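[1] Mind looking at a prediction? Sequence and model below.
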Amino acid sequence: MDLLILGGTRFAGRHLADMAVDAGHRVTLFNRGETDRDAVPRAEHLRGDRDGGLAALSGRRWDVVADMCGYFPRVVGASARLLSGSVDHCIFVSSMSVYADPVPAGFDEDSPLATLQDETVEQIDGDTYGGLKVLCEREVYDAFGDRSLVIRPGLMVGPLDPTDRFTYWVRRVARGGDVLAPGSPDRPVQFIDARDVAAWMLRLAEEHRTGVLNATGPAGRLTMGEVLEECRRASGSDARFTWIPDDFLLEAGVAPWMEVPLWIPEAEAGGMLQADLGRPLRAGLTFRPLAETVADTLAWDRGRDQAQPMGAGLDPGREADILARRRTPV
């Protein structure tokens with residue numbers, strides 16, 4: 001298979017590229033060459049810019065294109081239209097943020113989608129991200145029609161994660177001591193190892209699968225308490241978890257999701273971390289054990305500069321202050 005990856009040097013795209021090369025496919029990466037010029041040395045590398053610099057893609061043919069880095073419909077539409085006549089099958093990586101609020105527990109691929117009042121906006125924030133991804137999906141459908149597959153991942157985690165939204169917990173628990181744990185240990189959570197998404201995408205590309213599929217996990221119920229306990233087992237730390245209610249965290253001004261990853265106040269969360277996985281499971285999505293994801297993330301993180309600030313998570317001083325305030329009698 002001749003596989004073109006738009007992106008391919010970061011996180012899930014990097015995993016996909018490495019897996020495809022290992023499987024014997026001919027892989028081409030198209031990007032600006034700014035993230036990791038040495039990534040996937042066995043692949044062909046084409047340099048360009050998705051916003052007006054697509055010339056390197058002209059006059060070539062591929063069996064499949066995987067768009068790993070499309071955020072603005074104008075930009076996604078330009079590459080989709082250019083490639084629609086020279087590529088048989090398109091996989092677009094969207095997001096589960098496309099679903100309209102409030103997201104019900106048990107939502108699936110047919111649930112209502114977000115909309116934007118101004119469809120020309122090109123600024124990404126919490127209010128626009130999902131709607132922009134919906135419009136990007138539309139551009140792919142317009143160009144490729146029934147030759148397209150849309151993958152909507154939830155939170156992707158594991159080695160190479162540039163966001164630190166899961167790595168924060170792995171590192172923080174490994175450090176030990178008193179750990180601020182959000183909400184309730186019984187709160188359900190969902191996420192997926194990016195390597196599982198990449199391996200699944202490769203199989204779907206080989207099959208030229210079409211349609212829309214969510215991508216999150218695990219197959220059964222997983223709680224925040226189980227995640228933190230697994231982090232403690234992997235590192236062998238002396239971490240002690242102090243579970244702090246939603247209202248206390250909100251009163252302290254704690255920002256959900258990025259400042260305390262995997263935490264959304266129960267009153268706001270709805271069913272966002274409770275997707276129905278029937279369709280992706282029937283399409284062959286599988287999951288490695290949580291213990292493997294945690295252990296591999298810990299090993300990868302320990303090879304990074306520990307002095308560099310993380311992209312997500314509580315500042316240690318702020319965490320200690322909130323814990324102290326929680327212990328102080330009123």
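    Done, it's in.
[2] gap between residue 171 and residue 260?
    From residue 171 across to residue 260, the span is 14 Å (C-beta to C-beta, to the nearest Å). All C-beta atoms are positioned from the backbone trio N, CA, C, and that covers glycine.
[3] what sits against residue 293?
    157, 158, 193 (C-beta atoms under 8 Å, 6 or more residues apart in numbering).
[4] swap the cut-off to 10 Å and go again
    Going by C-beta atoms under 10 Å, 6 or more residues apart in numbering, residue 293 touches 157-159, 166, 170, 191-196, 217-218, 227, 230, 234, 287.
[5] Mark which of those are part of strands, please.
    157, 192, 193 (DSSP state E).
[6] Am I right that the first one is in contact with residue 165?
    Yes. With contact defined as C-beta atoms under 10 Å, residue 157 counts as touching residue 165 (7.3 Å).
[7] Which one's more surrounded, residue 171 and residue 260?
    For residue 171 versus residue 260, neighbours defined as other C-beta atoms under 10 Å are more numerous around residue 260 (24 against 20).
[8] any idea how far residue 305 is from the more buried one?
    For residue 260, the distance to residue 305 - C-beta to C-beta - is 23 Å.
[9] Then residue 45?
    Distance from residue 45 to residue 305, by C-beta to C-beta: 26 Å.
[10] Which parts of the protein are helices?
    11-22, 73-83, 129-144, 167-175, 194-207, 224-235, 246-251, 266-269, 278-282, 290-302, 316-327 (DSSP state H).
[11] so can I have TSV of the ones you listed showing mean pLDDT?
    TSV is the format used below for the helices of the chain (pLDDT from 0 to 100):
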stretch	mean pLDDT
helix 11-22	98
helix 73-83	98
helix 129-144	98
helix 167-175	98
helix 194-207	98
helix 224-235	98
helix 246-251	96
helix 266-269	86
helix 278-282	98
helix 290-302	98
helix 316-327	95
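[12] want to throw these into TSV with distance to residue 118?
    Shown next, in TSV, are the helices of the chain (distance: least, C-beta to C-beta, whole Å):
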stretch	distance to residue 118
helix 11-22	29
helix 73-83	12
helix 129-144	9
helix 167-175	33
helix 194-207	31
helix 224-235	36
helix 246-251	30
helix 266-269	24
helix 278-282	32
helix 290-302	38
helix 316-327	35
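[13] nearest to residue 34, of those helices?
    Closest approach to residue 34 among these is made by helix 11-22 (13.8 Å; C-beta to C-beta).
[14] What angle do helix 194-207 and the closest one make with each other?
    On the basis of axes from the mean of the first three to the mean of the last three C-alpha atoms, to 10 degrees, helix 11-22 is oriented at 50 degrees to helix 194-207.
[15] Can you tell me which helices and strands helix 11-22 packs against?
    strand 2-6, strand 26-31, strand 62-67, strand 87-93, strand 156-157, strand 192-193, helix 194-207 (3 or more C-beta pairs under 10 Å, 6 or more residues apart in numbering; DSSP states H and E).
[16] okay, the angle between it and strand 26-31?
    Going by the same axes, to 10 degrees, helix 11-22 is angled at 150 degrees with respect to strand 26-31.
[17] buried residues in helix 11-22?
    11, 12, 13, 14, 15, 16, 17, 18, 19, 20, 21 (16 or more other C-beta atoms under 10 Å).
[18] quick check, nearest of these to residue 201?
    residue 16 (5.7 Å).
[19] hang on, isn't that closest one packed against residue 68?
    Yes. Contact criterion C-beta under 10 Å: residue 16 and residue 68 qualify, at 7.2 Å.
[20] okay, and the common contacts of these two?
    In contact with both residue 16 and residue 68: 5, 7, 8, 91, 93, 198, 201, using C-beta under 10 Å, 6+ apart.
[21] what about the fourth one, neighbour count?
    Counted with other C-beta under 10 Å, the burial measure for residue 91 works out to 26 neighbours.
[22] Ok, the first one next?
    By other C-beta under 10 Å, 27 other residues sit near residue 5.
[23] Contacts only, for it.
    13-14, 16-17, 20, 27-31, 40, 43, 62, 64-69, 91, 201.
[24] what do you get for the last one?
    Under the criterion of C-beta under 10 Å, 6+ apart, the neighbours of residue 201 are 5, 12-13, 15-16, 19-20, 64, 66, 68, 91, 93, 149, 151, 153, 209, 213, 215, 285.
[25] domains for this structure, by residue range?
    2-153, 167-190+219-270+289-327 (automatic domain parsing).
[26] winner for burial among those?
    domain 2-153 (a mean of 18; mean count of other C-beta atoms under 10 Å).
[27] and the end-to-end length of it?
    24 Å (C-alpha to C-alpha, to the nearest Å).
[28] separation between residue 36 and residue 23?
    In terms of C-beta to C-beta, residue 36 sits 21 Å off from residue 23.
[29] hang on, I meant residue 85
    On the measure of C-beta to C-beta, residue 85 and residue 23 end up 27 Å apart.
[30] now swap in residue 64 and tell me
    To residue 23, residue 64 is 13 Å away according to C-beta to C-beta.
[31] For the two, list the residues in contact with both.
    In contact with both residue 64 and residue 23: 1, 3, 202, 206, using C-beta under 10 Å, 6+ apart.
[32] hey, what's the second one bridged with?
    In other words, residue 3. Going by DSSP bridges, residue 3 is paired in beta bridges with residue 27, residue 64.
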